[in-house]
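# below is the sequence, then the predicted model.
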Amino acid sequence: DERPDFRWLIVGPERSGSTFHIDPNGTSAWNATVVGSKKWAMLPGHCIPPGVQPSSDMSSVVGPVSPVEWFSNFLRDAREEYGDQLLEGCTYPGDVIFVPHGWWHIVLNLETPTVAVTHNFVDRYNVDAVLAFLRKRGDQVSGSSLPGTVLASKLDAAISREISSLRRKSLGSLITEG
């Protein structure tokens, strides 16, 4: 399969998790908690989380050592600075959370063990962002050995095939109905 990595089983103990990041390659994601619970904080991409310093090209991010440190030392600042733009919540077994493309998010596991399944994806809402990322920042593609330009060409071809298929189906419906 030539697709970049896009799905993971995540297992971790209490107080582990992921530091602030934006998901790779312009994708959106969903995350389903299976066992345990997770604390989340999310911000739109234009809101740089307190304590986080992304490089100018967003290829690297410097921030607190752990999610525990961020929630302990920077959450109050984020609430004051961003108000309603900061989304906070917890997920429990059976809950699924959506992470829009381009959004900052941090996750703290609240129990041992915590198990989740996550899946990054391209849809009609982020396909332009994904293609732009692959074309302009192809050297930063995550989870694939193929260059971004090759992945962009393959995605363009897949979209063209799907559009052609939809047109054929639509024309077939018109002919049989007419």
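Thanks, I have the structure now. Numbers count the residues shown, from 1 in each chain.
# only C-alpha atoms for contact and neighbour calcs from this point on.
Noted.
# what pLDDT is listed against the residue nearest the centre of the chain?
With distances taken as CA atoms, centre = their mean, residue 23 lies nearest the centre of the chain, 3.5 Å away. Looking at residue 23, its pLDDT is 91.
# what about the helices in this structure?
67-73, 75-82, 127-136, 148-177 (DSSP state H).
# ok, back up a step: got a list of what the residue nearest to the centre of the chain touches?
The contact partners of residue 23, by CA atoms under 8 Å, 6 or more residues apart in numbering, come to 29, 101-104, 120.
# in a markdown table: those residues, plus pLDDT, neighbour count and distance to residue 35.
Formatted as a markdown table, the contacts of residue 23 follow (pLDDT from 0 to 100; neighbours: other CA atoms under 10 Å; distance: CA to CA, whole Å):
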| residue | pLDDT | neighbour count | distance to residue 35 |
| --- | --- | --- | --- |
| 29 | 97 | 18 | 19 |
| 101 | 95 | 24 | 25 |
| 102 | 94 | 20 | 27 |
| 103 | 97 | 20 | 25 |
| 104 | 97 | 22 | 24 |
| 120 | 93 | 22 | 20 |
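# any chance of those residues in a markdown table, with distance to residue 147 too?
What follows is these, written out as a markdown table (distance: CA to CA, whole Å):
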| residue | distance to residue 147 |
| --- | --- |
| 29 | 22 |
| 101 | 21 |
| 102 | 21 |
| 103 | 24 |
| 104 | 25 |
| 120 | 19 |
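# name the residues of the lowest-mean-pLDDT helix or strand in the chain that are buried.
One helix or strand of the chain scores below all others by mean pLDDT, DSSP states H and E: helix 148-177, with a mean of 80. Neighbour counts using 16 or more other CA atoms under 10 Å place 148-149, 151-152, 155 of helix 148-177 among the buried residues.
# any chance of these in JSON lines, with distance to residue 58 too?
Converted to JSON lines, the buried residues of helix 148-177 look like this (distance: CA to CA, whole Å):
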{"residue": "148", "distance to residue 58": "16"}
{"residue": "149", "distance to residue 58": "19"}
{"residue": "151", "distance to residue 58": "20"}
{"residue": "152", "distance to residue 58": "20"}
{"residue": "155", "distance to residue 58": "23"}
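# okay, and the beta partners of the residue lying closest to residue 20 once chain neighbours are set aside?
Distance criterion CA to CA, 6 or more residues apart in numbering; nearest residue to residue 20, sequence neighbours excluded, is residue 106 at 4.4 Å. Beta-bridge partners recorded for residue 106 (DSSP bridges): residue 41.
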